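Student: Using only what follows, build the 3D model:
(one chain, ligands or ions: 2)
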Amino acid sequence: MTLEQKKAAARKAGFARRKVAFDARGPGVAGKLSEVLAGYRGVSLSGYMPIRTEINPLPAMEEASAHGPVGVPVIDAAGQPLRFAQWEPDCAMIEGAFGAQIPANPSFFEPEIVIVPLVAFSRTGGRLGYGGGFYDRTLELLRSKRPTMAIGFAFAAQEDPDIPLEATDQPLDLIVTEAGLIQPGA
Ligand SMILES: Nc1nc2c(c(=O)[nH]1)N(C=O)[C@@H](CNc1ccc(C(=O)N[C@@H](CCC(=O)O)C(=O)O)cc1)CN2
Ligand SMILES: Nc1ncnc2c1ncn2[C@@H]1O[C@H](COP(=O)(O)OP(=O)(O)OP(=O)(O)O)[C@@H](O)[C@H]1O
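Tutor: Residues are numbered from 1 along each chain as shown. Ligands and ions are numbered 1, 2, ... in the order given. Take a look at the predicted model:
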């Protein structure tokens, strides 16, 4: 199998595990994320508008927005890094590329913390997304300028010890699930 085929297979398995966890989800899945972000009050961050079966970070984003800038990703074009538009709980939103909502009147900024949606993650900080390389390009760019903390947010069931990795994959600094925290460096 080529690396591309291995990633495609891991992505398919990750989607299937994510759907099971999403369908069985209970209330308060963002509680641990809220606890983590409470330790970084006022630090600029990006969340995301959940699509498909992604775990929902909105309650934690709402709390953080009372203390500092919170953004959501916006696609410029394929092969380009994401940009982040400032978001408020009640701001006007429109449909963006691939179905995720984006602010109607975007004001762009560069977050110091990026909450990354996932298809699968490994305990060592590996991650797999939808396959566009958007978050890899984005984290590479942000990290070339300043320390940038990538927090993977996922259901615990999305763990996969055998994620295929390539040189351009940007590592997660922390993984937060509905059940707890996983620290790749520890
Ligand atoms: N909530 C959320 N917003 C986000 C992202 C994300 O992962 N989650 N993105 C992060 O990049 C960008 C959107 N990128 C996306 C790229 C592809 C697909 C998608 O659904 N692709 C198709 C084909 C991919 C495949 O099958 O391999 C699909 O999955 O059916 C969705 C979002 C920006 N906003
Ligand atoms: N910084 C980069 N520069 C050039 N190509 C890149 C970069 N990062 C990733 N790519 C390429 O983008 C494609 C998709 O990458 P990958 O499979 O890692 O996506 P992903 O991590 O699942 O998606 P995403 O980052 O959007 O969540 C791959 O062909 C990869 O080589």
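
Student: Am I right that Ile175 is in a strand?
Tutor: Yes: assessed by DSSP: H, G, I helix; E, B strand; the rest coil, Ile175 belongs to a strand.

Student: So in terms of bridging, what pairs with it?
Tutor: Ile175 forms beta bridges with Gly152, Ile182, as assigned by DSSP bridges.

Student: how close does it sit to Asp169?
Tutor: 14 Å (C-beta to C-beta, to the nearest Å). Using the backbone N, CA and C atoms, a C-beta is placed for each residue, glycine as well.

Student: check contacts around whatever residue of the chain ends up closest to ligand 2.
Tutor: Of all residues in the chain, Gly129 sits closest to ligand 2, at 1.7 Å by C-beta to the nearest ligand atom. Counting by C-beta atoms under 8 Å, 6 or more residues apart in numbering, Gly129 makes contact with 116-119, 135-136.

Student: where exactly do the strands run in this structure?
Tutor: Under the criterion DSSP state E, strands of the chain are mapped to 45-46, 70-74, 83-86, 93-95, 101-103, 108-109, 113-117, 120-121, 127-128, 149-153, 174-176, 181-182.

Student: would JSON lines of the ones you listed with mean neighbour count and mean pLDDT be doable?
Tutor: Shown next, in JSON lines, are the strands of the chain (neighbours: other C-beta atoms under 10 Å; pLDDT from 0 to 100):
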{"stretch": "strand 45-46", "mean neighbour count": "26", "mean pLDDT": "98"}
{"stretch": "strand 70-74", "mean neighbour count": "23", "mean pLDDT": "98"}
{"stretch": "strand 83-86", "mean neighbour count": "21", "mean pLDDT": "98"}
{"stretch": "strand 93-95", "mean neighbour count": "12", "mean pLDDT": "98"}
{"stretch": "strand 101-103", "mean neighbour count": "18", "mean pLDDT": "98"}
{"stretch": "strand 108-109", "mean neighbour count": "13", "mean pLDDT": "98"}
{"stretch": "strand 113-117", "mean neighbour count": "24", "mean pLDDT": "98"}
{"stretch": "strand 120-121", "mean neighbour count": "26", "mean pLDDT": "98"}
{"stretch": "strand 127-128", "mean neighbour count": "25", "mean pLDDT": "97"}
{"stretch": "strand 149-153", "mean neighbour count": "24", "mean pLDDT": "98"}
{"stretch": "strand 174-176", "mean neighbour count": "24", "mean pLDDT": "98"}
{"stretch": "strand 181-182", "mean neighbour count": "17", "mean pLDDT": "98"}
